[in-house]
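Asks: quick one, what's the 3D model for this:
(4 chains)
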2 protein chains.
Amino acid sequence: MDVKTVCLGMLTDGTASGYDLNKTFESSFGHCFAAGYGSIYPALASLAECGCVSCEEIQQDGKPDRKVYRITDKGREQLLAELDNPAPSHKVRSEFLATMAFAHLMTPAQVQTVLNSRIRDADENLQFIDEFESGFDHDAPAGVRFTLGFGRAMLHAMKDYVEENRHMFDSDEIQKTVAR
Amino acid sequence: MDVKTVCLGMLTDGTASGYDLNKTFESSFGHCFAAGYGSIYPALASLAECGCVSCEEIQQDGKPDRKVYRITDKGREQLLAELDNPAPSHKVRSEFLATMAFAHLMTPAQVQTVLNSRIRDADENLQFIDEFESGFDHDAPAGVRFTLGFGRAMLHAMKDYVEENRHMFDSDEIQKTVAR
DNA sequence: GACTTTATATATCGAACTGATACTATACAT
DNA sequence: ATGTATAGTATCAGTTCGATATATAAAGTC
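Replies: I've put the predicted structure just below:
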């Protein structure tokens, strides 16, 4: 499951340009599977080359041409094959946690700043999910609702954990730990 | 904060070879910041080139030579500068969630298999954290305890969410949703 | 005794991905 | 006037991922 596969999946919902797919990556998939133009355009080119999508160029006045992609039968087949993976991965890459692992090399003030920014980031993402969800005009498929709820649950757990454990880095707590 | 920086941080705890660092990445950092030989060896080479670490080759009989790396003053300085980032990122890349977003293209059996594997994976990771934590002979720094607790909290939240929401994909629920 | 796995240790390589940048053109604010 | 947002394409250097190669010894298994 790479960017190509996710693009294929998005195209089952109708035709789209690279620009359109980028917006979908930012909104629906931003919290769980990010991708930018640097991945999307090469993915579409590669999918077109192997016959998984077809491409129609639409001229526009003033703006650059739109390249509208459509999934083919071969593309559908390949998508279903890749969705058949019984154990898809779930990976975290956290500069935040890597930083916290070295908290003893930082000042207490630096650590608290990092913790504050993490809570702020979680709040922003929660708000983003709420706004995105309330913007549905029609019912979203169960899968999408599931992923949004998942994101919300993880962000709440993150906030709770940080708030309940940040005292570990209070200056007086550090004194106690060193004294032990 | 990239693999280079994390390697520098690990080297504040004493000298180590690439092989040693790989083990640390697998154990302490596996759940939040993964890296393999393909990142570690180039990182060490690059750190040696810019004078952030020094390298001593130790001959061994039978086994290949050990290249033992030590952090330099310049390396310490650079590490502190990189730890100063007030808003380090926390990113998720989830083939699992990307798959679930397309659950409507899969059979109910396939979806349940994927959910089962996610719960199994969470359980394995929880067990791993427990074993790793109980293996501490001396007290780990607060930062490391924080990251392990964080991982545990997120894994519990993940399990709970999946267990409480998997009914969304029961065949009878799908009937209801379609009928609405 | 033969075979396989695990541990020790190095390193590379292609494919994929990230984040930034470049180019063009409207439109709407400040 | 100048900045920012929207619409649209695309590339590129640097990083990272995952697999693979090479070599030896110890330990477990059939």
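Asks: use CA for all of it now, contacts and neighbours both
Replies: Noted.
Asks: check contacts around the closest residue in space to A:A35 that isn't next to it in sequence.
Replies: Leaving aside its sequence neighbours, A:A35 sits nearest to A:F25 (C-alpha to C-alpha, 6 or more residues apart in numbering or on different chains; 6.2 Å). Residues near A:F25 by C-alpha atoms under 8 Å, 6 or more residues apart in numbering or on different chains: A:F33, A:A34, A:A35, A:G36.
Asks: flag every buried residue along the helix or strand containing A:F25.
Replies: Taking DSSP states H and E as the criterion, A:F25 maps to helix A:18-27. Of the residues in helix A:18-27, those scored as buried under the neighbour-count criterion (16 or more other C-alpha atoms under 10 Å in any protein chain shown) are A:G18, A:Y19, A:L21, A:N22, A:T24, A:F25.
Asks: domain map for chain A?
Replies: What the record gives for chain A is the domain set A:3-83, A:95-179, from automatic domain parsing.
Asks: quick one: these as TSV, columns for mean pLDDT too.
Replies: Listed next are the domains of chain A as TSV, based on pLDDT from 0 to 100:
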stretch	mean pLDDT
domain A:3-83	92
domain A:95-179	89
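Asks: show the subsequent helix or strand relative to the helix ranked longest in chain A.
Replies: Identified as the longest helix of chain A according to DSSP state H is helix A:108-134. Past helix A:108-134, further along toward the C-terminus, the next helix or strand under DSSP H and E is helix A:142-165.
Asks: close to chain B, is that next one?
Replies: Yes: Helix A:142-165 lies in contact with chain B when judged by C-alpha under 8 Å from any C-alpha of the partner chain; the contacting residues are A:142-144, A:146-147, A:150, A:153-154, A:157-158, A:161-162, A:165.
Asks: just the buried members of the residues you listed?
Replies: Buried members of those, scored by 16+ other C-alpha under 10 Å, are A:A142, A:G143, A:V144, A:F146, A:T147, A:F150, A:A153, A:M154, A:A157, A:M158, A:Y161, A:V162.
Asks: now these as JSON lines including distance to B:D123?
Replies: Conversion of these to JSON lines gives the following (distance: C-alpha to C-alpha, whole Å):
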{"residue": "A:A142", "distance to B:D123": "25"}
{"residue": "A:G143", "distance to B:D123": "23"}
{"residue": "A:V144", "distance to B:D123": "24"}
{"residue": "A:F146", "distance to B:D123": "20"}
{"residue": "A:T147", "distance to B:D123": "20"}
{"residue": "A:F150", "distance to B:D123": "17"}
{"residue": "A:A153", "distance to B:D123": "18"}
{"residue": "A:M154", "distance to B:D123": "16"}
{"residue": "A:A157", "distance to B:D123": "17"}
{"residue": "A:M158", "distance to B:D123": "18"}
{"residue": "A:Y161", "distance to B:D123": "19"}
{"residue": "A:V162", "distance to B:D123": "22"}
